[in-house]
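Asks: I would like the atomic coordinates for the input below:
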Amino acid sequence: MVIHVVQQGETIESIANIYGITEADLIRDNGLENTYSLVVGQSIVIAIPEIVYTVKEGDSLTGIAEAFNVSIMQLLMNNPFLSDREYIYPGETIVISYNKISNITLHGNTTPYIDESVLRKTLPYLTYLSILNYTATNEGEIISYSDDSQIIEIIKSYGVVPLLLLTTLTFTGKANIEIEFDLLLNPDFQNSYIQNLLNILRIKGYKGVNISFQYINVSNIQYYNSFFTLITERLNKEGYLVFVTVDPNLSNIGADISFERVDYSILDQLSQSIIFMNYQWATNVNPPAPISSINYLDVFLNYVNSLIPPDKMIIGIPTIGYDWELPFLPGLSSVNVLSYDGAINLASTYGATIEFDELSQTPFFNYTRGNTLHIVWFIDARSINAVLELVVKYNLHGAGIWNITIYNPQLWLVINSQFNIVKFKVD
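Replies: Now for the predicted structure:
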């Protein structure tokens with residue numbers, strides 16, 4: 001797998017010729033929208049398959065899978081365009097396999113409102129999928145935002161384990177600190193909460209729960225440990241998996257990288273896996289900065305690696321970007337969320353050149369709209385691959401995607417062309 005960075009004057013044709021692949025494959029693999037005007041600094045993923053097959057008259061996907069001793073799921077991973085296709089056609093090329101370097105567990109997050117076509121195109125790449133649809137109330141009740149029965153059944157049909165993502169946050173990321181600390185300190189609240197959770201898991205058919213803790217620090221970790229011990233004992237006894245998602249709250253103070261030196265070992269011992277992830281929401285009140293920083297993650301992983309077995313850790317990969325007005329004035333400057341395609345289209349529209357911050361391994365660009373200067377930070381194939389290199393470096397259990405509601409072809413191509421994705425049979 002090669003990540004090509006577009007240079008001045010390059011075109012789809014010239015890039016395809018460099019690597020000896022067809023323009024059509026290059027466009028399809030990367031989901032390129034504006035094929036006539038590439039942006040200088042834009043990343044293009046070149047994944048050369050190990051085995052390909054040209055469809056013949058009378059072929060079927062099942063027959064091709066059997067002939068090469070691979071699963072239908074593997075063909076869907078390698079050829080995502082097949083996800084919404086009823087037929088295959090003579091003359092088209094099917095990727096049978098890539099030369100993989102190792103196995104990886106992939107965890108995703110979504111809401112029940114995800115477009116079904118996006119969901120079906122994404123599910124072949126996932127091991128676990130957490131659904132953000134439930135939040136706690138002051139009475140220990142757990143309320144849902146939408147009916148998730150259908151999405152759970154679709155998830156299971158792709159061999160993906162459905163998890164109920166349990167948080168005190170709203171869909172927009174608004175925090176409710178009072179409820180979270182009631183969970184930690186009030187035994188009656190805890191018992192009611194756990195019983196309500198068990199009822200939902202039984203009725204809906206979830207295979208487990210992913211509990212999101214947002215406010216862990218050195219002074220309160222003992223309370224999180226006590227609550228998590230209680231909930232895992234109850235749920236494990238009923239046969240449910242329990243994961244925990246923790247925001248490590250990475251930041252910098254001058255040249256120093258800041259995070260709480262929390263001992264996560266108890267949470268890790270009790271959970272199936274511990275997911276370290278910073279949620280990115282549609283609203284953002286923070287000043288302009290890289291969406292994530294490989295430098296920060298590397299320092300953090302070096303710390304937690306001494307506390308937690310690496311094969312229990314999952315590290316997060318963000319998928320969105322932000323567009324800030326400059327100069328940035330807290331509460332006054334607009335900050336707009338962008339998908340990867342949105343960022344590329346914006347750079348193309350304003351003739352911007354995409355630059356790359358080597359320390360954080362994230363792309364950015366500046367542009368002017370009217371008389372207002374803007375800066376955009378986002379995530380591209382290089383950022384994604386940098387996280388995967390940390391997974392390999394520390395021998396981690398896997399990676400987590402926040403979130404999967406917008407399909408990014410480059411994200412899955414970078415992962416799938418290098419790793420065998422762990423799948424389970426889900427009843």
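
Asks: alpha carbons only for contacts and neighbour counts from here, please
Replies: Noted.

Asks: quick one, helices of the stretch 1-150 of the chain?
Replies: For the stretch 1-150 of the chain, applying DSSP state H, counting those that start in this stretch gives helices covering 12-19, 23-30, 61-67, 72-78, 116-122, 149-157.

Asks: buried deepest among the ones you listed, which one?
Replies: Stretch with highest mean neighbour count among those: helix 72-78 (a mean of 20; mean count of other Cα atoms under 10 Å).

Asks: pull out the buried residues from stretch 249-265.
Replies: 250, 258-259, 262-265 (16 or more other Cα atoms under 10 Å).

Asks: just to revisit the earlier point, format the helices of the stretch 1-150 of the chain as CSV; extra columns: distance to Tyr193.
Replies: CSV is the format used below for these (distance: least, Cα to Cα, whole Å):
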stretch, distance to Tyr193
helix 12-19, 55
helix 23-30, 44
helix 61-67, 46
helix 72-78, 37
helix 116-122, 30
helix 149-157, 21
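
Asks: out of those, nearest to Ile406?
Replies: For the helices of the stretch 1-150 of the chain, proximity to Ile406 was assessed by Cα to Cα; helix 116-122 is nearest, at 7.1 Å.

Asks: export the closest one as CSV, just CAs?
Replies: Extracted in CSV, the C-alpha atoms of helix 116-122 (Å, rounded to 0.1, in the frame of the first residue of the first chain):
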residue,chain,number,x,y,z
GLU,A,116,-28.6,1.7,5.5
SER,A,117,-26.4,1.6,2.3
VAL,A,118,-23.5,3.2,4.3
LEU,A,119,-24.0,0.7,7.1
ARG,A,120,-24.0,-2.3,4.8
LYS,A,121,-21.0,-1.1,2.9
THR,A,122,-19.1,-0.6,6.2
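
Asks: tell me the mean pLDDT for that helix?
Replies: Average pLDDT, helix 116-122: 97.

Asks: cool, stretch 83-92 as well?
Replies: Confidence for stretch 83-92, expressed as mean pLDDT, is 91.

Asks: measure it end to end?
Replies: 15 Å (Cα to Cα, to the nearest Å).

Asks: show residues contacting it.
Replies: The list of residues contacting stretch 83-92 from outside it, by Cα atoms under 8 Å, 6 or more residues apart in numbering, reads 54-57, 59-61, 76, 82, 117, 120-121.

Asks: ok, now stretch 198-215?
Replies: For stretch 198-215, the external contacting residues (Cα under 8 Å, 6+ apart) are 130, 148-149, 152, 161-167, 235, 240-247.

Asks: again, 6 Å this time
Replies: 162-167, 240-247 (Cα atoms under 6 Å, 6 or more residues apart in numbering).

Asks: state the pair within these that is farthest apart.
Replies: Tyr240 and Asp247 (23.1 Å).
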